[in-house]
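Asker: here is a sequence together with a model predicted from it:
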Amino acid sequence: MDTQAETRDIVLIGGGIMSATLGVLLQELEPTWRIRVLERLDALAEESSGPWNNAGTGHSALCELNYTPAKPDGTIEIAKAVQVNEQFQVSRQLWSFLVENGRIPDASAFIRTTPHMSFVWGEANVAYLKARHEALKDHPLFAGLEFSDDPAQIKQWAPLLLEGRTGNEPIAATYHAAGTDVDFGALTRVLTDNLLAKGATVEFGADVSDVHKTNDGTWHVQGRGREGRFHYTADFVFVGAGGRALPLLQKSRIREIQGFGGFPVSGEFLRTDKPELVDRHMAKVYGKAAVGAPPMSVPHLDTRVVGGRSYLMFGPYAGWSPKFLKRGSWLDLFRSIRPHNLRPMLKTAVHNVPLTMYLIQQVLASASKKFKDLLDFYPDAQQGDWEKITAGQRVQVIRPDGTLQFGTEVITSREGIAGLLGASPGASTATPIMLEVLERCFADRWADWQPTLTTMIPSFGTSLAADPAQAVATMTRTAGALGIVAPPSNVHA
């Protein structure tokens with residue numbers, strides 16, 4: 001028998017956006033393969049993919065200043081911003097394909113237009129934002145990005161930012177009308193519905209405790225479910241279990257996980273649903289991170305729509321817990337320590353003292369002190385209008401060289417297992433990340449999959465950044481399919 005045509009058993013551990021995306025891709029590429037999703041909790045997307053456990057920003061670097069650092073000479077480095085934007089366009093193309101082919105009946109269930117803004121104050125920051133706008137405005141992926149240091153114009157974009165402001169300090173903002181708000185929990189459920197409709201199975205309450213290779217070359221996945229112990233064999237396993245990915249990959253004993261560790265960081269937000277506030281702020285507004293703060297702590301005042309209801313959310317406030325998941329164990333961090341990652345973890349601790357001090361300050365900060373951060377964005381805010389919510393846990397990657405990495409790390413093995421460590425920009429770039437998993441883990445099928453992948457993702461294998469006409473055409477087409485605002489058809493000159 002041609003082994004390339006054999007039916008394979010696929011186990012996806014974790015019921016979040018990563019497993020759902022990988023499952024949908026695999027079903028399109030190999031309709032006969034059997035897919036099983038194992039979710040520890042009683043519902044999908046209850047951890048990192050849940051709408052209140054992330055900011056819901058369709059990360060395209062339109063407003064996130066940490067993707068565009070200033071060089072020593074004052075010029076702006078845009079390479080990371082371009083990369084993140086292009087990755088998000090890949091995700092949008094997959095979603096559009098599913099909408100256009102009737103697999104997603106209504107994209108408004110998970111995505112809607114929400115302008116993206118950057119907002120700064122102080123002469124140095126205003127100069128930086130102006131330079132950033134100059135560096136991005138002519139790029140095809142950022143067409144339509146506007147800049148203003150006029151308070152009247154900024155007030156028109158986002159009234160709350162100006163209410164109560166004295167006018168004694170210079171301010172500036174950029175604005176992009178084609179930003180989005182994405183409910184990745186709803187998207188996960190939509191994608192998983194597609195999996196189920198085409199024959200996949202999802203098992204809830206399935207707490208995986210061990211993953212190991214058997215003598216016949218397959219993988220053995222075991223744990224405890226609602227009906228007692230379970231044992232599954234699989235030709236390929238993907239561990240998309242958020243904070244559980246590191247310990248499960250460690251149990252697999254693949255050499256690629258050697259030396260990796262994790263550093264958990266939690267977060268909190270302030271939230272309000274007061275109509276007179278929500279109705280006067282329709283944007284995601286990002287500022288600059290405090291000195292010494294990790295990139296994931298960039299402050300932002302966001303419009304969120306969850307379950308058809310509108311909110312404003314401000315944060316994040318960094319916190320710390322040894323748990324690797326919001327519903328994890330207090331022993332998670334300590335259980336993840338192995339002889340092979342002890343040295344990198346100690347090295348990380350020594351080289352990240354400022355981060356440790358920042359986290360301590362955040363944990364010890366009073367409610368009134370945290371509220372003052374919101375006043376920088378919305379000076380007239382009243383503390384009684386806002387409630388505190390706890391966001392999801394993020395396990396930042398500690399690399400074998402002792403580097404603390406604020407991003408995602410794809411772990412793959414030729415033995416038929418893969419997993420994802422880390423966080424931001426995470427969900428927005430799920431599709432390109434899962435394409436990377438497929439290319440690494442299915443080299444025997446990769447060439448044969450190219451036509452199908454190009455059908456799903458027309459820009460596959462090309463660079464939108466290098467082709468302005470294709471970039472505009474792609475963004476316009478996906479905007480139409482998803483029912484969101486398209487950027488200007490002409491590149492800003």
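Answerer: Received, thanks.
Asker: from here on, just use CA atoms for contacts and neighbour counts.
Answerer: OK.
Asker: against which helices or strands is the lowest-mean-pLDDT helix or strand in the chain packed?
Answerer: Here the helix or strand of the chain ranked lowest by mean pLDDT, DSSP states H and E is helix 353-364, holding a mean of 75. Other elements packing on helix 353-364 under the criterion 3 or more Cα pairs under 8 Å, 6 or more residues apart in numbering; DSSP states H and E are strand 309-319.
Asker: and the strand it packs on, what's buried?
Answerer: Burial within strand 309-319, assessed by neighbour count using 16 or more other Cα atoms under 10 Å, is assigned to 310-319.
Asker: swap in stretch 149-166?
Answerer: Buried-residue list, stretch 149-166, by 16+ other Cα under 10 Å: 149, 151, 154, 157-162, 165.
Asker: over to stretch 36-43?
Answerer: Neighbour-count burial for stretch 36-43, counted by 16+ other Cα under 10 Å, picks out 36-41.
Asker: please enumerate the strands of the stretch 101-250 of the chain.
Answerer: Ranges of strands in the stretch 101-250 of the chain, per DSSP state E, counting those that start in this stretch, are 111-113, 116-121, 146-148, 171-176, 180-182, 201-204, 207-213, 219-225, 228-234, 236-239.
Asker: my error: substitute the stretch 301-450 of the chain in the last question.
Answerer: Applying DSSP E, counting those that start in this stretch to the stretch 301-450 of the chain gives strands spanning 309-319, 387-390, 394-398, 404-405, 408-413, 417-422.
Asker: ok, of these, where does mean pLDDT dip lowest?
Answerer: When these are compared on mean pLDDT, strand 404-405 scores lowest, with a mean of 85.
Asker: partners of that one in the sheet?
Answerer: Strand 404-405 pairs in its sheet with strand 394-398 (antiparallel), by DSSP bridges.
Asker: so which residues make contact with the strand it pairs with?
Answerer: Residues outside strand 394-398 that contact it (Cα atoms under 8 Å, 6 or more residues apart in numbering) are 48, 242-243, 260-266, 324-325, 344-345, 348, 404-409, 421-423.
Asker: just the CA trace of the helix ranked longest in the chain, in PDB.
Answerer: Identified as the longest helix of the chain according to DSSP state H is helix 79-100. Extracted C-alpha coordinates of helix 79-100, given in PDB (Å, rounded to 0.1, in the frame of the first residue of the first chain):
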ATOM      1  CA  ALA A  79      10.300  44.400   9.800                       C
ATOM      2  CA  LYS A  80       8.400  42.800  12.700                       C
ATOM      3  CA  ALA A  81       5.300  44.900  12.100                       C
ATOM      4  CA  VAL A  82       5.300  43.800   8.400                       C
ATOM      5  CA  GLN A  83       5.800  40.200   9.400                       C
ATOM      6  CA  VAL A  84       2.900  40.200  11.900                       C
ATOM      7  CA  ASN A  85       0.600  42.000   9.500                       C
ATOM      8  CA  GLU A  86       1.300  39.600   6.700                       C
ATOM      9  CA  GLN A  87       0.700  36.600   9.100                       C
ATOM     10  CA  PHE A  88      -2.700  38.000  10.000                       C
ATOM     11  CA  GLN A  89      -3.600  38.400   6.400                       C
ATOM     12  CA  VAL A  90      -2.900  34.600   6.000                       C
ATOM     13  CA  SER A  91      -5.300  33.800   8.800                       C
ATOM     14  CA  ARG A  92      -7.900  36.100   7.200                       C
ATOM     15  CA  GLN A  93      -7.600  34.200   3.900                       C
ATOM     16  CA  LEU A  94      -8.300  30.900   5.600                       C
ATOM     17  CA  TRP A  95     -11.400  32.300   7.300                       C
ATOM     18  CA  SER A  96     -12.500  33.900   4.000                       C
ATOM     19  CA  PHE A  97     -12.200  30.600   2.200                       C
ATOM     20  CA  LEU A  98     -14.400  28.900   4.800                       C
ATOM     21  CA  VAL A  99     -17.000  31.700   4.500                       C
ATOM     22  CA  GLU A 100     -17.000  31.600   0.700                       C
END
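Asker: avg pLDDT for that helix?
Answerer: pLDDT averaged over helix 79-100 gives 96.
Asker: next one: stretch 181-193
Answerer: Rounded mean pLDDT across stretch 181-193 is 95.
Asker: if anything else comes up later, I'll come back, but that's it for now.
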